[in-house]
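K.L.:
need coordinates for the below:
(2 chains)
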2 protein chains.
Amino acid sequence: MKGDKGITVKKSQDFSQWYVDAITKSEFIDYGPVSGMIALRPDCYFIWERVQAATDEMFKKIGVTNTYFPLFIPERLLKKEAEHIEHFSAEVAWVTHGGKSELEERLAVRPTSETLMYEMVAKWVKSWRDLPMRLNQWNNVVRWEFKHPTPFIRGREFLWNEGHSIYASEKETMEERDQILGIYHKVLKDYLALPGIIGRKSEQERFAGGIASYSIEHMMPDGWAIQGPAWHYDGQKFAKVFELSFLNKNEQKELAWQSTYAISTRELGVMFAVHGDDKGLIVPPKLSRIQVIVVPIYKSENSDKVVKFAKTVASRLGSLRSHVDDRDGYSPGWKFNYWELRGVPLRLEVGEKEMASGRIVACSRDTFEKVEIPVEELEERAAKLLDELHERIYKKADRHLHSMITKENDYKKMREILEKKGGMVHAPWCGENMCEDKIKEETGAKITNMPLDQSDLKGNCIYCGKKAKHMANFAKSY
Amino acid sequence: MKGDKGITVKKSQDFSQWYVDAITKSEFIDYGPVSGMIALRPDCYFIWERVQAATDEMFKKIGVTNTYFPLFIPERLLKKEAEHIEHFSAEVAWVTHGGKSELEERLAVRPTSETLMYEMVAKWVKSWRDLPMRLNQWNNVVRWEFKHPTPFIRGREFLWNEGHSIYASEKETMEERDQILGIYHKVLKDYLALPGIIGRKSEQERFAGGIASYSIEHMMPDGWAIQGPAWHYDGQKFAKVFELSFLNKNEQKELAWQSTYAISTRELGVMFAVHGDDKGLIVPPKLSRIQVIVVPIYKSENSDKVVKFAKTVASRLGSLRSHVDDRDGYSPGWKFNYWELRGVPLRLEVGEKEMASGRIVACSRDTFEKVEIPVEELEERAAKLLDELHERIYKKADRHLHSMITKENDYKKMREILEKKGGMVHAPWCGENMCEDKIKEETGAKITNMPLDQSDLKGNCIYCGKKAKHMANFAKSY
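P.N.:
Model prediction:
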């Protein structure tokens, strides 16, 4: 570790290189031997564990139950829903051999589990009494992407939740939308400090096999958008294919109604990208394995005394997750850099001066602002500083997001904005695939989503000039 | 569900069929479309979640950190350790295609992650300061078994923890053994109510690629043994292959010392098999999604009143996980069977009589013993009944385990015991592969393990008559 130079480029100058530096030199991830597949190291996996726990607790409260379904899907099943297989077949990893034997049928490593789950669940659902059935699994999925991989953002394996609900009516199914998106929104805001735009995907961008998709869209530091968690309304489309039906209260057979939803480890990448700075990562306090790093500042003659005091200071932090960096042979400055790179949100500096005064210097990771805290107030004040940091980085991200949304109804100006400034252009759209395609072809921007709040809908389609049906956000998107 | 006949055979008469009935008709698992791969349904996955949480909490307390490593292992890596690949190659599921393209190199779906992890970790470990590095992951693994699959017991995919530690000395590594086996033992006893024999595996039965394996061995109802959680000492064998070295305090390069350990979903199968009875499953209270089922007993004219009272009763159960089965159209008796099949440990029966007297009938799942509890004492008394049930089923399993261990030093008698009674024969052994092989060939019994407590070691090898080096347990084993 000694001699490791940390981040070599400025975030504003070379975002891509900065991103890779920040997540690898912090020892958060490492590249595996298979391209596009990464290892999440302890400080990083800790974050996913917390995100998962927070989300899962909210899921359980609304009646979602966890399950585990097999990793492999027989090819014949994956092919059952035509649009689904058309979309996913290009990126399926196929298992063809078991030991030395060739398999009779190829098996897909799940890219998502609709086909396998619904084939099985169709046997479980018999009557309206069995519904709703709200199943979820936290698992790994594989999508054999051929584009250039970027850790978390575009890879060949990721971790996620896949929620799959089965309802007895369309109404109940649709009511789930705001419930689930509300949970995701809360997790993003309260844990990852990430803002996003909730809206409906266009018909061409929706989930393959479903009817309508709703997403939360983020803004990256480079002005590109990126899709976050999503909820998909599947109607009875899969139910028809997999004969997933139930006896209703009149003892009549009826097709079930379905939805699916997911949040994935991609969010970790968005979070690292959005909050980090030239010194490295900034991890929101609720997700940081170490919330407060205590750095003793000593000379060889007083080291024992100061380290002992530093440990007392740490013990004063109560339930906050703290650590005393008492490693010998490293200067305080080196340790500051070390923990800044790793995004620890609060640092306490403890030396002879602090011992004498009983006032500890606390430094916030985002602003580097220093305040002095009396030892006896440490737990409360440190907790408050952490909360304030969370608020600040959320607001900063939110300001950035909104500063990157430009309302526009002139196509020429839209092209200029997308070219020079980037971000999202919020514009009226007629709803036709052709205009969406043309805009994408000419500007590289797709529709990220159409915000749920459509109260500002007016005017004509920014491309064809016909009456607009939606206000849509257009952006270059990861 | 109505009309479902539940379990069709007696556990004592046809254990295999009973086992499959018990876990499928209870809706705990279902067979997937790929042979040997099952789905864990909500009540069942809940159990794994609790086992995982309990184990993980103890792991974290001793400094184990969680991670996630890629699912796919390139063939060249898996081949690096000769004994390892020799053992696992026969049961690897191979990915050969991504989308429509054939891959340049086959990828193994991880059967276990040593080779991939150590290749990566070798880059992370630089100096003694980085050690110990105690990594763990909770994940899924695939082993393409060709033997007849049995859910949990022998399948092609299972969930587990794989702990991988890297130490700077042999001494520290070996100290981990009792720490980890102690955690597994505690989880088995306190959560799954499962006893087991802790001991060392024979050289021929140890983990492929390691130096010594230690396991906890269980006894199934049919007198066959089954291996539970294990801890493996790998010495420097993998470190040598993967050049996993560190600079010691004298700035000299030294190979690291390693261990691995695991507990898997197999334990759920053992637990279902051991505790269940002719009525179905018996789930230990700490693991049951519903701990107390409240069944209202009413006629149509008083249903509202009784159901309302049943809900009051449930609310008196405090933090215990309870549920009121107020489904119309099913008789109390049908509901009793329904929840007995699903192993809910405690039932409260609530009718007019109970309303009048304020005393509720509580029935324990294992003994069917009924006691009356005054409403105001419900939480405390129900919790106590649950604790007592846990104690009883643990002790029953422990008695069965020990009743199935026969100490013997005559080979002829040993054969008789293995043939007629089954279980484990505890016998002196010279330590030679040949005797182990011959016994296996002639009796079908292998060495499950050699108990850690060897204080009863004496006499001569039960097969060859040479001086015994170990007391070993021989059993037919799953």
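
K.L.:
now do the helices in the stretch 151-300 of chain A.
P.N.:
Shown for the stretch 151-300 of chain A, the helices assigned by DSSP state H, counting those that start in this stretch span residues A:170-187, A:237-241, A:266-275.

K.L.:
on contacts alone, who are the packing partners of the second one?
P.N.:
So the one you mean is helix A:237-241. helix A:114-124, strand A:257-262 (3 or more C-beta pairs under 8 Å, 6 or more residues apart in numbering or on different chains; DSSP states H and E). Every residue, glycine included, has its C-beta placed from N, CA and C.

K.L.:
return stretch A:233-248 as PDB; C-alpha atoms alone will do.
P.N.:
Output for stretch A:233-248, consisting of C-alpha atoms alone and laid out as PDB, is shown next (Å, rounded to 0.1, in the frame of the first residue of the first chain):
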ATOM      1  CA  TYR A 233     -46.100  -4.000 -15.600                       C
ATOM      2  CA  ASP A 234     -46.500  -7.300 -17.400                       C
ATOM      3  CA  GLY A 235     -50.200  -7.400 -17.600                       C
ATOM      4  CA  GLN A 236     -51.300 -11.000 -18.700                       C
ATOM      5  CA  LYS A 237     -48.600 -11.400 -21.300                       C
ATOM      6  CA  PHE A 238     -46.400 -13.900 -19.500                       C
ATOM      7  CA  ALA A 239     -49.500 -15.400 -17.800                       C
ATOM      8  CA  LYS A 240     -50.800 -16.300 -21.200                       C
ATOM      9  CA  VAL A 241     -47.600 -17.900 -22.400                       C
ATOM     10  CA  PHE A 242     -47.100 -19.900 -19.200                       C
ATOM     11  CA  GLU A 243     -50.800 -20.600 -18.500                       C
ATOM     12  CA  LEU A 244     -50.600 -18.900 -15.200                       C
ATOM     13  CA  SER A 245     -54.200 -18.800 -14.300                       C
ATOM     14  CA  PHE A 246     -56.400 -19.000 -11.200                       C
ATOM     15  CA  LEU A 247     -60.000 -19.800 -10.300                       C
ATOM     16  CA  ASN A 248     -61.700 -16.600  -9.400                       C
END
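
K.L.:
so residue A:349 sits in a strand?
P.N.:
Yes. The assignment for residue A:349 by DSSP: H, G, I helix; E, B strand; the rest coil puts it in a strand.

K.L.:
how about the nearest residue to it, chain neighbours excluded?
P.N.:
Spatially, and ignoring its direct neighbours in sequence, residue A:349 is nearest to residue A:361 (4.3 Å; C-beta to C-beta, 6 or more residues apart in numbering or on different chains).

K.L.:
do the same with residue A:174
P.N.:
Beyond its immediate neighbours in the sequence, the residue positioned closest to residue A:174 (C-beta to C-beta, 6+ apart) is residue A:233, lying 6.7 Å away.

K.L.:
domains in chain A, by residue range?
P.N.:
Residue ranges for each domain of chain A read A:15-275, A:292-385, A:405-475, as given by automatic domain parsing.

K.L.:
just the terminal-to-terminal distance for the shortest one.
P.N.:
So the one you mean is domain A:405-475. Separation of the first and last residues of domain A:405-475 by C-alpha to C-alpha, to the nearest Å is 9 Å.

K.L.:
interface residues of the stretch 251-400 of chain A facing chain B?
P.N.:
residue A:327 (C-beta under 8 Å from any C-beta of the partner chain).

K.L.:
rerun that using 10 Å as the cut-off
P.N.:
For the stretch 251-400 of chain A, the residues in contact with chain B (C-beta under 10 Å from any C-beta of the partner chain) are A:265, A:289, A:327-330.

K.L.:
now the strands for the stretch 251-400 of chain A?
P.N.:
Residue ranges of the strands in the stretch 251-400 of chain A, as given by DSSP state E, counting those that start in this stretch, are A:253-255, A:257-262, A:292-296, A:322-324, A:346-350, A:359-364, A:370-374.

K.L.:
ok, the fifth one: who's next to it in the sheet?
P.N.:
It stands for strand A:346-350. Paired with strand A:346-350 in the same sheet, following DSSP bridges, are strand A:292-296 (parallel), strand A:359-364 (antiparallel).

K.L.:
for the helix or strand of chain A with the lowest mean pLDDT, which residues meet the burial criterion?
P.N.:
Considering only helices and strands, the least confidently modelled element of chain A by mean pLDDT, DSSP states H and E is helix A:82-88, at a mean of 85. Judged by neighbour count using 16 or more other C-beta atoms under 10 Å in any protein chain shown, the buried positions of helix A:82-88 are A:84-85, A:88.

K.L.:
ok, then the element right after that helix?
P.N.:
Stepping forward along the backbone from helix A:82-88, the first helix or strand reached (DSSP states H and E) is strand A:93-98.

K.L.:
picking up where we left off before, residues touching the residue nearest to residue A:174, list them.
P.N.:
When contacts are counted by C-beta atoms under 10 Å, 6 or more residues apart in numbering or on different chains, residue A:233 is found next to A:170, A:173-174, A:176-177, A:200, A:206-207, A:210-214, A:257-261.

K.L.:
now for the biggest helix by length in chain A, which elements pack on it?
P.N.:
For chain A, the helix with the greatest residue count under DSSP state H is helix A:378-403. For helix A:378-403, the contact count by 3 or more C-beta pairs under 10 Å, 6 or more residues apart in numbering or on different chains; DSSP states H and E identifies strand A:212-219, helix A:266-275, strand A:292-296, helix A:303-315, strand A:346-350, strand A:359-364, strand A:370-374 as packing neighbours.

K.L.:
relative to residue B:36, which of the ones you listed is closest?
P.N.:
Minimum separation from residue B:36 across those (C-beta to C-beta) falls at helix A:266-275, 31.6 Å.

K.L.:
the closest one vs strand A:212-219, what angle?
P.N.:
When axes from the mean of the first three to the mean of the last three C-alpha atoms, to 10 degrees is applied, the directions of helix A:266-275 and strand A:212-219 differ by 30 degrees.

K.L.:
please save the CA atoms from helix A:266-275 in CSV.
P.N.:
C-alpha atoms of helix A:266-275 as CSV (Å, rounded to 0.1, in the frame of the first residue of the first chain):
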residue,chain,number,x,y,z
ARG,A,266,-25.3,-0.8,-10.7
GLU,A,267,-26.5,1.8,-8.1
LEU,A,268,-23.2,1.4,-6.3
GLY,A,269,-21.4,2.6,-9.4
VAL,A,270,-23.7,5.5,-9.8
MET,A,271,-23.2,6.4,-6.2
PHE,A,272,-19.4,6.2,-6.4
ALA,A,273,-19.4,8.3,-9.6
VAL,A,274,-21.8,11.0,-8.4
HIS,A,275,-20.4,11.7,-4.9
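
K.L.:
what is the rounded mean pLDDT of that helix?
P.N.:
If you average the pLDDT over helix A:266-275, you get 98.

K.L.:
nearest residue to the residue of the stretch 351-478 of chain A found nearest chain B in space, please, no chain neighbours.
P.N.:
Shortest the stretch 351-478 of chain A-to-chain B distance, computed as C-beta to the nearest C-beta: residue-wise this is residue A:478, at 20.1 Å. Here the nearest residue to residue A:478 in space, its sequence neighbours aside, is residue A:226; by C-beta to C-beta, 6+ apart that works out to 4.2 Å.

K.L.:
in the stretch 101-250 of chain A, where is pLDDT below threshold?
P.N.:
Across the stretch 101-250 of chain A, nothing is flagged by pLDDT under 70.

K.L.:
and residue A:2, what pLDDT?
P.N.:
Confidence for residue A:2, expressed as pLDDT, is 44.

K.L.:
winner for burial among the domains of chain A?
P.N.:
Counting by mean count of other C-beta atoms under 10 Å in any protein chain shown, domain A:15-275 has the highest mean neighbour count of the domains of chain A, with a mean of 20.

K.L.:
that one: end-to-end distance?
P.N.:
When the termini of domain A:15-275 are compared using C-alpha to C-alpha, they are 12 Å apart.

K.L.:
equivalent analysis for stretch A:451-465, please.
P.N.:
The first and final residues of stretch A:451-465 sit 21 Å from each other (C-alpha to C-alpha).

K.L.:
distance between that stretch and the chain's centre?
P.N.:
Between the centre of stretch A:451-465 and the centre of its host chain there is 28 Å, according to C-alpha atoms, centre = their mean, to the nearest Å.
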